[in-house]
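> All I have is the shape, not the residue letters:
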């Protein structure tokens, strides 16, 4: 070892020099490290996983972008296709329509908001639906029954004390009073489309002030007490809306009322003398669900049904009659009602929940309290065929020549090809589809970013194996085909993703569909 010599006071001291690795050259460890730094890195399992995750994420993002673009492109193409067909549809001129029966004033409230203000807590479980509404607990039970199924319903409140509590609470939310009821809404839509309409409603000032001047009312206007009107409270809810642990599977509404005039058919009585001079091409009967759970005596109900029978019997045979179904829960009443109305009906209209109800009643004598709101096209077709088969075997004054099924996803129309009253069902399918979208979205132009398609790109005409599968051609999205003596036309509905309103949607598309179907 080398040392450093130093002389301190004549004495030489040798100090040992510390080892300096740099003087010896690089060590083995240093050389190995340099070799590793020069070598190509070997990927680790963690790095491979990271690369795979990034690649997969990029693929998923690109796929989502592509499919979103494809859906938007398809929806826009279908919308354009429907609008282009609509441009070629001409409104029949000089058509006179009598629309009934009755009317009311509506208020729209958010269902959950009303329940909260009423101080109601969602129950732990949903009990059996009550036959009558006499307590707030029964209202909650029935509301939840329809809420979780996304179904619509309209019910009479038996207890006056309960009704006043619900009414006062709803009015405390400061909603706007609007003219409502099936008849006034259908009438308003038909007048806006250019028809001449006589509305079967009591000609009272509280209604006349809210009805557009173009709608004719029977007789002279009578000024009644401001509080003597029929109020219907419409509890609206959206798809995915929650109340406690319960979630709505579809946007819809639940309606409660304590109607004093419409169940007594005062609107029908008012219009009896005016109908002969008016001489309508078409009579539309809706709103008869008002009689469903009303506390009639047996004789009172017989008298009301007799009024309907006499009114229809007095119409000229060439006058078309349309019966618009609704949500009925009393099978005994519905059987009696249909026994009176169906023999005179040229046309029936109903939604995807009312169709199974009527079909089941005619086949088995029982109604379906709540049916599947996501019914397949093939099942709708088969149930409508069964309905037609049963109805046409019953004693009738005239053949049933038209059935309109209006659903969330599509509009389907059965039209007897050999008839004197209706054109091809393509007009009803297209106009009803576009009317549904425009009304619920609150947008006449239909913003493509706020709509979606829930119908597949093809459907089976029947659930029977081997049945014809019909494609939806996006640029011309209405499909029509012969089916025995009938023509069936089906158009997809562009469903709103940002809902403005649901109440009255069925009445608007019913009015438009009927008017544009007339020869």
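Everything's here; your move. Since this is a predicted model, take the numbers as computed values, not measurements.
> Next, the spatially most central residue of the chain: secondary structure please.
With distances taken as Cα atoms, centre = their mean, residue 408 lies nearest the centre of the chain, 4.7 Å away. At residue 408, secondary structure determined by DSSP: H, G, I helix; E, B strand; the rest coil is coil.
> Next, work out how far apart it and residue 326 are.
When distances are taken as Cβ to Cβ, to the nearest Å, residue 408 and residue 326 turn out to be 17 Å apart. No exception for glycine: its C-beta is placed from N, CA and C like everyone else's.
> Same check on residue 214?
Taken as Cβ to Cβ, the span from residue 214 to residue 326 is 26 Å.
> Settle it for me: which of the two has more neighbours?
Neighbours of residue 214 and residue 326, each counted by other Cβ atoms under 10 Å, are more numerous for residue 326; the result is 22 against 14.
> got a list of what the more buried one touches?
By Cβ atoms under 8 Å, 6 or more residues apart in numbering, the contact list for residue 326 reads 154, 182, 286, 287, 288, 289, 354.
> in the stretch 301-450 of the chain, which segments are predicted with low confidence?
Confidence mapping of the stretch 301-450 of the chain against pLDDT under 70 gives the ranges 369-374.
> can you map out the strands along it?
If you assign secondary structure with DSSP state E, counting those that start in this stretch, the strands in the stretch 301-450 of the chain sit at 320-324, 347-351, 402-406, 410-416.
> Counting by contacts, list what the first one packs against.
On a contact count with 3 or more Cβ pairs under 8 Å, 6 or more residues apart in numbering; DSSP states H and E, strand 320-324 meets strand 282-285, strand 347-351.
> Residue 295 touches residue 158, doesn't it?
Yes - checked against Cβ atoms under 8 Å, the pair residue 295 and residue 158 is within contact range at 6.6 Å.
> higher neighbour count, the two?
Between residue 295 and residue 158, counted using other Cβ under 10 Å, residue 158 has the larger neighbour count: 18 against 10.
> Now that one. Its backbone dihedrals?
In this entry, residue 158 is assigned phi and psi values of phi -70, psi -40 (degrees, to the nearest 10).
> Show me which positions of stretch 473-489 end up buried.
474, 477, 478, 479, 480, 483, 486, 487, 488, 489 (16 or more other Cβ atoms under 10 Å).
> does residue 475 sit in a helix, a strand or a coil?
Under the three-state scheme (three-state DSSP), the conformation of residue 475 reads as coil.
> and it, what pLDDT?
pLDDT recorded at residue 475 is 94.
> and the residue nearest to it when sequence neighbours are not counted, how many neighbours?
Sequence neighbours aside, residue 81 is the residue nearest to residue 475 in space, at 4.9 Å (criterion: Cβ to Cβ, 6 or more residues apart in numbering). Close neighbours of residue 81, defined as other Cβ under 10 Å, add up to 20.
> so where is this protein shaky, pLDDT-wise?
Across the chain, residues meeting the criterion (pLDDT under 70) sit at 1-47, 62-71, 224-228, 369-374.
> State the distance from residue 287 to residue 211.
Here the distance between residue 287 and residue 211 works out to 15 Å (Cβ to Cβ).
> list the contacts for residue 234?
Taking Cβ under 8 Å, 6+ apart as the contact definition, residue 234 lies against 106, 107, 108, 109, 180, 253, 254, 255, 503.
> Can you list the strands that the helix or strand containing the fourth one pairs with?
It stands for residue 109. The secondary structure element spanning residue 109 is strand 104-110 (assigned by DSSP states H and E). Using DSSP bridges, strand 104-110 pairs in its sheet with strand 178-180 (antiparallel), strand 231-237 (parallel).
> circling back to that earlier point, residue 131: which of the contacts of residue 234 is nearest?
For these, the minimum distance to residue 131 (Cβ to Cβ) is 16.5 Å, reached by residue 254.
> Tell me the bridge partners for the closest one.
According to DSSP bridges, residue 153, residue 235 are recorded as the beta-bridge partners of residue 254.
> Would you agree it is in contact with residue 152?
Yes - using Cβ under 8 Å, residue 254 and residue 152 qualify as a contacting pair, with a distance of 7.2 Å.
> Give the burial count for the closest residue in space to residue 262 that isn't next to it in sequence, as a bare number.
Closest residue to residue 262 apart from its sequence neighbours, by Cβ to Cβ, 6+ apart: residue 102 at 3.7 Å. By the measure other Cβ under 10 Å, the count of residues near residue 102 is 28.
> Distance of residue 102 relative to residue 349?
Between residue 102 and residue 349 the computed distance is 18 Å (Cβ to Cβ).
> and what of residue 477?
In this structure, residue 477 and residue 349 are separated by 22 Å, where distance is defined by Cβ to Cβ.
> Now do the strands in the stretch 151-300 of the chain.
Taking DSSP E, counting those that start in this stretch as the test, the strands found in the stretch 151-300 of the chain are 153-156, 178-180, 196-199, 231-237, 242-243, 246-247, 252-257, 282-285.
> whoops, I mixed them up, the stretch 1-150 of the chain
Here the stretch 1-150 of the chain has its strands, by DSSP E, counting those that start in this stretch, at 3-8, 11-16, 96-100, 104-110.
> Can you tell me what sits against the last one?
In other words, strand 104-110. When contacts are defined by Cβ under 8 Å, 6+ apart, strand 104-110 is touched by residues 170-171, 173, 175-181, 206, 210, 229-237, 257, 259, 262, 501, 503.
> Would you list the buried entries among those?
Judged by neighbour count, with 16+ other Cβ under 10 Å as the criterion, the buried members of those are 170, 175, 178-181, 206, 229-237, 257, 259, 262, 501, 503.
> Output the strands paired with strand 104-110 as CSV; include the columns distance to residue 197.
Supplementary listing: these in CSV, determined by distance: least, Cβ to Cβ, whole Å:
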stretch, distance to residue 197
strand 178-180, 14
strand 231-237, 21
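> shared neighbours, residue 254 and residue 152?
With contacts defined as Cβ under 8 Å, 6+ apart, the residues adjacent to both residue 254 and residue 152 are residue 146.
> which residues touch the nearest residue to residue 383 once chain neighbours are set aside?
Once flanking residues are discounted, residue 383 sits nearest to residue 359: 5.0 Å by Cβ to Cβ, 6+ apart. Residues counted as contacts of residue 359 (Cβ under 8 Å, 6+ apart) are 383, 386, 387, 390.
> And for residue 173?
When contacts are counted by Cβ under 8 Å, 6+ apart, residue 173 is found next to 109, 113, 114, 117.
> Mind giving me the ChimeraX command for buried ones among the residues you listed?
For selection in ChimeraX, the members of the contacts of residue 173 meeting the burial criterion (16+ other Cβ under 10 Å) are listed in this command:
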select :109,114
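> And the furthest pair within the contacts of residue 173?
Put simply, by Cβ to Cβ the two of the contacts of residue 173 set farthest apart are 109 and 117, 9.0 Å from each other.
> would you list every one of the helices in the stretch 151-300 of the chain?
Counting by DSSP state H, counting those that start in this stretch, the stretch 151-300 of the chain has these helices, from start to end: 160-171, 182-192, 205-208, 266-278, 298-313.
> As TSV, those with distance to residue 509 would be great.
Output for the helices of the stretch 151-300 of the chain, formatted as TSV (distance: least, Cβ to Cβ, whole Å):
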stretch	distance to residue 509
helix 160-171	27
helix 182-192	8
helix 205-208	23
helix 266-278	22
helix 298-313	24
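> Name the stretch among these that sits most buried.
Comparing these by mean neighbour count (mean count of other Cβ atoms under 10 Å), helix 182-192 ranks first with a mean of 26.
> Many thanks, I have nothing further to ask.
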